[in-house]
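Asks: model the structure of this input:
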Amino acid sequence: MNKKLLCAALLGGLSVAQVASAQEFDDRWYLTGSAGFNFQDSKRGTKDTPFVALGVGKFLNPNWSLDGELNYQNPDNDDNQNLNWSQYGISFDVRRHFLAEGRNWNPYVLMGLGYQRHEEEFDNFPSPNSPGERKGGDVAGKLGVGIQSNLGRIGVRTELAYRIDADNDSIGAFNNDDFPQDDGADWFGDILASVGIVIPLGPPPVAAVPAPVAPACADLDDDGDGVNNCDDKCPGSQAG
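Replies: Numbers count the residues shown, from 1 in each chain. A predicted model of the protein is given here:
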């Protein structure tokens, strides 16, 4: 009898532990929005510029999250600001969050991989088709660090990242007038500093209430004769 109760208690404890483990992090999908400044690689021949980003993400477990993010920036050309130079792309970023109990903010590191598109106008004089235009896209990688805090309904995220863009044919980066000629660079590196918000979707998760533990036989006296059920040799006797 006691062994059966012990097994039941152990199974109940395991089920409660599983419920607690499942509820120890917020696994809702969330939306992100951020704005910041893009410090352009000096070799591009473009000026530093603001940028914006929108994304969606989800925590895979308490320490790891995955985001998909769209970005856009429109830097000015160093030589002629009337010439358009725009960049936009998508990145899939994995973040490793370092949590501490009782702390409302937590640092993280990130790694990302994506695709960066560029549209560049350039002076094509004396051709009648001036300005010329170059369009293309390349693989882009990202490494960075940040801090994310939880303010209840909305979280705040600050981040500093280094983005490697595999674009190696920028006209603005050519260093003489005899183009098209490769400038020798195989990629450009931009620094991204931003502040953003994290908005969870849907109601917050509610921790399951564990079922009450059944009382042991030693605490029960079904027939009311003053002898607990474990020791009662006459479980059907009259009360008293």
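Asks: which residues does residue 193 bridge with?
Replies: Partner residues in beta bridges with residue 193, using DSSP bridges, are residue 37, residue 160.
Asks: helix/strand/coil for residue 147?
Replies: Following DSSP: H, G, I helix; E, B strand; the rest coil, residue 147 is assigned to strand.
Asks: surely it meets residue 157?
Replies: Yes: with contact defined as Cβ atoms under 8 Å, residue 147 counts as touching residue 157 (7.3 Å). Heads up, the C-betas are built off the backbone N, CA and C, glycines and all.
Asks: averaged pLDDT, stretch 162-181. What do you get?
Replies: Stretch 162-181 shows a mean pLDDT of 67 in the predicted model.
Asks: now swap in stretch 138-155 and tell me
Replies: Averaged across stretch 138-155, pLDDT comes to 91.
Asks: how far does that stretch sit from its chain's centre?
Replies: Average the C-alpha atoms of stretch 138-155, do the same for its chain, and the two points are 6 Å apart (Cα atoms, centre = their mean, to the nearest Å).
Asks: buried sites along it?
Replies: Buried positions in stretch 138-155, judged by neighbour count with 16 or more other Cβ atoms under 10 Å: 138, 140-142, 144, 146, 148, 155.
Asks: which helices and strands does whichever strand or helix holds residue 70 pack with?
Replies: Per DSSP states H and E: residue 70 is located in strand 64-73. Contact analysis of strand 64-73 by 3 or more Cβ pairs under 8 Å, 6 or more residues apart in numbering; DSSP states H and E lists strand 29-39, strand 49-59, strand 85-97 as its packing neighbours.
Asks: parallel or antiparallel, list what pairs with the helix or strand just after the last one.
Replies: Stepping forward along the backbone from strand 85-97, the first helix or strand reached (DSSP H and E) is strand 105-122. Next to strand 105-122 in the sheet, as set by DSSP bridges, lie strand 85-97 (antiparallel), strand 132-150 (antiparallel).
Asks: reformat these as CSV; add distance to residue 170.
Replies: Listed next are the strands paired with strand 105-122 as CSV, based on distance: least, Cβ to Cβ, whole Å:
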stretch, distance to residue 170
strand 85-97, 9
strand 132-150, 8
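Asks: do you know which of these lies nearest residue 50?
Replies: Residue 50 sits nearest to strand 85-97 of all the strands paired with strand 105-122, at 12.0 Å, using Cβ to Cβ.
Asks: residues of that closest one that come out buried?
Replies: Residues of strand 85-97 classed as buried: 85, 87-95, 97 (neighbour count, 16+ other Cβ under 10 Å).
Asks: now swap in stretch 152-167 and tell me
Replies: The neighbour-count check on stretch 152-167 (16+ other Cβ under 10 Å) flags 155, 157-159, 161, 163-165, 167 as buried.
Asks: could you export that stretch as CSV, CA atoms only?
Replies: Taking Å, rounded to 0.1, in the frame of the first residue of the first chain, the C-alpha atoms of stretch 152-167 are listed here in CSV:
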residue,chain,number,x,y,z
GLY,A,152,5.8,43.7,-19.4
ARG,A,153,3.7,44.0,-22.6
ILE,A,154,6.7,45.3,-24.6
GLY,A,155,10.4,44.5,-24.5
VAL,A,156,13.3,46.8,-25.4
ARG,A,157,16.3,45.6,-27.3
THR,A,158,19.6,47.6,-27.9
GLU,A,159,22.1,46.1,-30.3
LEU,A,160,25.5,46.6,-32.0
ALA,A,161,26.3,44.4,-35.0
TYR,A,162,28.8,44.0,-37.8
ARG,A,163,27.4,43.0,-41.1
ILE,A,164,29.5,41.5,-43.9
ASP,A,165,28.1,42.2,-47.4
ALA,A,166,29.7,40.1,-50.2
ASP,A,167,29.1,42.8,-52.7
